[in-house]
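> I would like the atomic coordinates for the input below:
(2 chains)
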Amino acid sequence: NAGVTQTPKFQVLKTGQSMTLQCAQDMNHEYMSWYRQDPGMGLRLIHYSVGAGITDQGEVPNGYNVSRSTTEDFPLRLLSAAPSQTSVYFCASSHPGQGVNSPLHFGNGTRLTVT
Amino acid sequence: QRVTQPEKLLSVFKGAPVELKCNYSYSGSPELFWYVQYSRQRLQLLLRHISRESIKGFTADLNKGETSFHLKKPFAQEEDSAMYYCALNAGGTSYGKLTFGQGTILTVHP
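Numbers count the residues shown, from 1 in each chain, chains lettered A, B, ... in the order given. A predicted model of the protein is given here:
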């Protein structure tokens, strides 16, 4: 049982390049989300999804696109990378709790540097 | 809603009490969590206010009057060294969305 798997672990991009951060979970969780972690800023929500075919914006969505074609996968796309997108990106999943919200299960993170 | 962790860094010696502060701003009934990230490990849930439990010797009490959810441990251990995040769900179903504080790096010296 792998949980939440993120690839790649590290990536260096040049300004203007595009790439996709992959996230997959094998727990059949309905909810998935992307956060970025920056020093002094904590974790900030980029996009989230409550199920296949349904996505919505979080606190800092600009410059990022997402899609959710399957329950398992929730890729994050950077269409034109900018230095401000240098960060550590975390994918998380959870399922609807029964009266209580279930905890988030996080991936190991992707460290992205944009030069 | 907003979560504030005023201490970016916190250092204590082994066996000393430790308190990581967390304050929130939200007018309703929030759900509060503490998440922890140990070195080379994933971010994971430490405890939640609903459970009222003690995990690894840590406790946290939700104080609605002071809008705080401080994390406490009476005797810190070296293995407690980690990054700690306080997080808030603004009531109801979270849908995987939490508001996190800035994080506190705890270092426990031998």
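> and the most centrally placed residue in chain A, helix, strand or coil?
For chain A, the residue nearest the mean C-alpha position is A:Trp34 (2.7 Å; CA atoms, centre = their mean). Secondary structure state of A:Trp34, per DSSP: H, G, I helix; E, B strand; the rest coil, is strand.
> That one contacts A:Ser87, doesn't it?
No - look at A:Trp34 against A:Ser87 with CB atoms under 8 Å: they stay out of range, at 10.9 Å. C-betas here are computed from N, CA, C, even on glycine.
> low-confidence ranges in chain A?
A:1, A:97-100 (pLDDT under 70).
> can you list the residues of it near chain B?
Contacts of chain A with chain B, taken as CB under 8 Å from any CB of the partner chain, map to A:3-4, A:31-33, A:35, A:40-45, A:48-50, A:58, A:90, A:92-94, A:96-97, A:100-101, A:103-104, A:106-109.
> returning to that earlier point: from A:Ala2, how far out is the residue nearest to the centre of chain A?
18 Å (CB to CB, to the nearest Å).
> Need the residue closest to the centroid of chain B.
Short answer for chain B (CA atoms, centre = their mean): B:Trp34, at 3.5 Å.
> For that one, list the residues it contacts.
B:20, B:22, B:45-48, B:58, B:60, B:69, B:71, B:84-87 (CB atoms under 8 Å, 6 or more residues apart in numbering or on different chains).
> before we move on, what about A:Phe74?
Under the criterion of CB under 8 Å, 6+ apart, the contact partners of A:Phe74 comprise A:23-25, A:32-34, A:49, A:66-68, A:91, A:93.
> now, which of these lie within strands?
A:23-25, A:32-34, A:49, A:66, A:91, A:93 (DSSP state E).
> Tell me the residues of chain B that contact chain A?
Contact residues (CB under 8 Å from any CB) of chain B with chain A: B:3, B:5, B:8, B:31, B:33, B:35, B:42-45, B:48, B:50, B:85, B:87, B:89, B:93-103.
> Would you list the buried entries among the residues you listed?
B:3, B:5, B:31, B:33, B:35, B:42-43, B:45, B:48, B:85, B:87, B:89, B:94-103 (16 or more other CB atoms under 10 Å in any protein chain shown).
> who's in contact with the closest residue to A:Leu112 other than its chain neighbours?
Counting by CB to CB, 6 or more residues apart in numbering or on different chains, A:Leu112 lies nearest to A:Gln11, which is 5.0 Å off, once chain neighbours are set aside. A:Gln11 sits next to A:19, A:21, A:110-113 when contact means CB under 8 Å, 6+ apart.
> pretty sure A:Gln11 is in a strand, no?
Yes - assessed by three-state DSSP, A:Gln11 belongs to a strand.
> Could you check how far it is from A:Thr20?
A:Gln11 is 10 Å from A:Thr20, by CB to CB.
> Ok, B:Gln5 next?
With distances taken as CB to CB, B:Gln5 is found 32 Å from A:Thr20.
> Can you give me the buried ones in stretch A:102-112?
A:102-110, A:112.
> give me the element A:Asn28 is part of.
Taking DSSP states H and E as the criterion, no element holds A:Asn28; it sits outside all helices and strands.
> contacting residues for B:Arg42?
Contacts for B:Arg42 (CB under 8 Å, 6+ apart) come out as A:3-4, A:106-109.
> And the strands in chain B?
Here chain B has its strands, by DSSP E, at B:2-4, B:9-13, B:18-20, B:23-25, B:31-37, B:44-48, B:59-60, B:71-73, B:82-89, B:99-100, B:104-109.
> between the second one and strand B:104-109, how many degrees?
Pointing back at strand B:9-13 there. Angle, strand B:9-13 to strand B:104-109, by axes from the mean of the first three to the mean of the last three CA atoms, to 10 degrees: 20 degrees.
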